[in-house]
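J.: Structure of the sequence below:
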Amino acid sequence: MPKAISLFSGGLDSLLAMYVIQKQGVDVIPLVMETPFFESKKAVELARKNGFEPIVIDIFEDFLPILRSPQFGYGDQMNPCIDCHILMLKRAKDKIKEFKAHFVITGEVLGQRPMSQNRQALRLIERESGLEGLLLRPLSAKLLPPTIPEKEGMVDRERLLGISGRSRKAQMELVRSYGITHFATPAGGCLLTEPNYTLRLKDLLAHNDKIGKLEVELLKLGRHFRLSSKAKLILGRNKMENEVLENVPDKGVVRIRCLNTPAPFGLLFGVFDDQLLKLASDILASYADPTPFPLALEIITPDGKKDVQVKAMPKEAFRSYLITS
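T.: Numbering: from 1, shown residues only. The predicted structure follows:
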């Protein structure tokens, strides 16, 4: 039985691509690529609900250099779509021998994304990934040159599709014809396309030579304040975010909590002195519930714990420090 490795994002197109190939008697192995920038858990759950057993590959460390300086540039925000896709396909190519697969498939649709799914971009991605002739795009295959699995009879080209453009009408017809009940509605999914998130990410990359998953994960929540070139404050916006911040394991951070009125929990990262501790405390106090008395704050630094009283000022006084709300 022929075997194909599939890039599976959890999106409708990548799911349909697997069904189209599976219907031809090909064993399909979904690969789910994992970074903090796009959801992998939902993709894994969706694959299993449709009878596929996915393999998860963490590409975070390989992705960071691309994120800082993509060879083929960014999209509208900080999304290096072409470089990202090449990286994922290279990782898929690495798995061909391990899983004794014959080719790789994706859910790419010609013309669906003007920058990364035009003919030139699709040829570029195939060439740079090292998968020339072995990369099959089942949803648009009839509009593209025949691949090796088609030429060698592993799949029937006539049973592949010729979808193009941004309309989802053809995809929804496939959903109905295949009787698919578990699928994701068309949506973004990549945080690198979201303007507010990318503002935080640009700030993080600009002030840190090395970043880890924790710093990237924390970009998803709270309010972020740049206090200096080497210090940043994060405040929770609700109970859930406060709890997440309270449980951050990094022992080098400063933790700030209010003791006498509802208020955000604060984490101060980086290099700080007494002046920055006061600034962080003042910012936190400005987001506390209104009170007629000074706020009692507990500040826990790597050197110890102390209690201070702070009089709340209007949050507008600290607007210049805010990266995004």
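J.: From now on I want contacts and neighbour counts done on CA atoms only, so please keep to that.
T.: Fine.
J.: doesn't residue 306 fall inside a strand?
T.: Yes. Per DSSP: H, G, I helix; E, B strand; the rest coil, residue 306 lies within a strand segment.
J.: wait, what's in contact with it?
T.: Going by CA atoms under 8 Å, 6 or more residues apart in numbering, residue 306 touches 298-300.
J.: from these, which ones fall inside strands?
T.: 298-300 (DSSP state E).
J.: mind giving me the domain split of this protein?
T.: Domain assignment for the chain by automatic domain parsing gives 3-189, 194-324.
J.: Using TSV, lay out those together with mean pLDDT.
T.: Shown next, in TSV, are these (pLDDT from 0 to 100):
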stretch	mean pLDDT
domain 3-189	95
domain 194-324	93
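J.: Count the neighbours of residue 48 for me.
T.: Summarising burial for residue 48: neighbours were counted as other CA atoms under 10 Å, giving 14.
J.: Against residue 302, how distant is the residue nearest the centre of the chain?
T.: The chain has residue 37 as the residue nearest its centroid, 1.6 Å off, counting by CA atoms, centre = their mean. For residue 37, the distance to residue 302 equals 30 Å [CA to CA, to the nearest Å].
J.: Same check on residue 295?
T.: Residue 295 is 22 Å from residue 302, by CA to CA.
J.: Could you do residue 225 as well?
T.: In terms of CA to CA, residue 225 sits 21 Å off from residue 302.
J.: Compare those two (neighbour count), which wins?
T.: residue 225 (24 against 10).
J.: Ramachandran coordinates for the nearest residue to that one once chain neighbours are set aside?
T.: Among residues not flanking residue 225 along the chain, residue 322 sits closest, at 4.4 Å (CA to CA, 6 or more residues apart in numbering). With angles defined as degrees, to the nearest 10, residue 322 sits at phi -70, psi 130.
J.: Counting neighbours, what do you get for residue 226?
T.: Neighbour count of residue 226, defined by other CA under 10 Å: 21.
J.: helix, strand or coil for it?
T.: Assigned by three-state DSSP, the conformation of residue 226 is strand.
J.: Does it touch residue 235 like I think?
T.: No. Applying CA atoms under 8 Å as the test, residue 226 and residue 235 come out as separate, 11.8 Å apart.
J.: and residue 206, what does it touch?
T.: Residue 206 neighbours (CA under 8 Å, 6+ apart): none.
J.: oh, and call the first residue 16 from now on, that's how I've got it
T.: Renumbered: residue one is now 16, and that last one reads residue 221.
J.: which element is it on?
T.: Using DSSP states H and E, residue 221 sits in helix 210-222.
J.: Can you list the buried residues in that helix?
T.: 211-216, 218-219 (16 or more other CA atoms under 10 Å).
J.: Over to stretch 192-208?
T.: Neighbour counts using 16+ other CA under 10 Å place 198, 206-208 of stretch 192-208 among the buried residues.
J.: want to try JSON lines for the residues you listed, with secondary structure as columns?
T.: Formatted as JSON lines, the buried residues of stretch 192-208 follow (three-state DSSP):
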{"residue": "198", "secondary structure": "coil"}
{"residue": "206", "secondary structure": "helix"}
{"residue": "207", "secondary structure": "helix"}
{"residue": "208", "secondary structure": "helix"}
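J.: so which two of the residues you listed are the farthest from each other?
T.: Within the buried residues of stretch 192-208, 198 and 207 form the most distant pair, 22.6 Å apart (CA to CA).
J.: Just to check, residue 198 is in contact with residue 29?
T.: No. Between residue 198 and residue 29 there is no contact under CA under 8 Å: 10.3 Å.
J.: check contacts around residue 239.
T.: Residues in contact with residue 239 (CA under 8 Å, 6+ apart) are 215, 247-250, 337-340.
J.: tell me the contacts of the residue nearest to residue 240?
T.: 238-241.
J.: In the chain, what residue spans correspond to helices?
T.: Taking DSSP state H as the criterion, the chain contains helices spanning 27-37, 56-64, 75-83, 96-113, 134-144, 163-166, 184-193, 210-222, 228-233, 254-261, 289-301.
J.: in terms of contact, does residue 301 touch residue 334 like I think?
T.: No. Counting by CA under 8 Å, residue 334 is not a contact partner of residue 301; they are 10.8 Å apart.
J.: Those two - which one has more neighbours?
T.: Neighbour comparison, residue 301 and residue 334: the larger count goes to residue 301, with 21 against 13 (by other CA under 10 Å).
J.: Tell me how far that one lies from residue 74.
T.: Distance, residue 301 to residue 74, by CA to CA: 40 Å.
J.: Tell me the bridge partners for residue 319.
T.: residue 316 (DSSP bridges).
J.: separation between it and residue 268?
T.: 12 Å.
J.: Tell me which of the two has more neighbours.
T.: residue 268 (19 against 8).
J.: can I assume that one is in contact with residue 316?
T.: Yes. Residue 268 is within contact range of residue 316, at 6.8 Å (criterion: CA under 8 Å).
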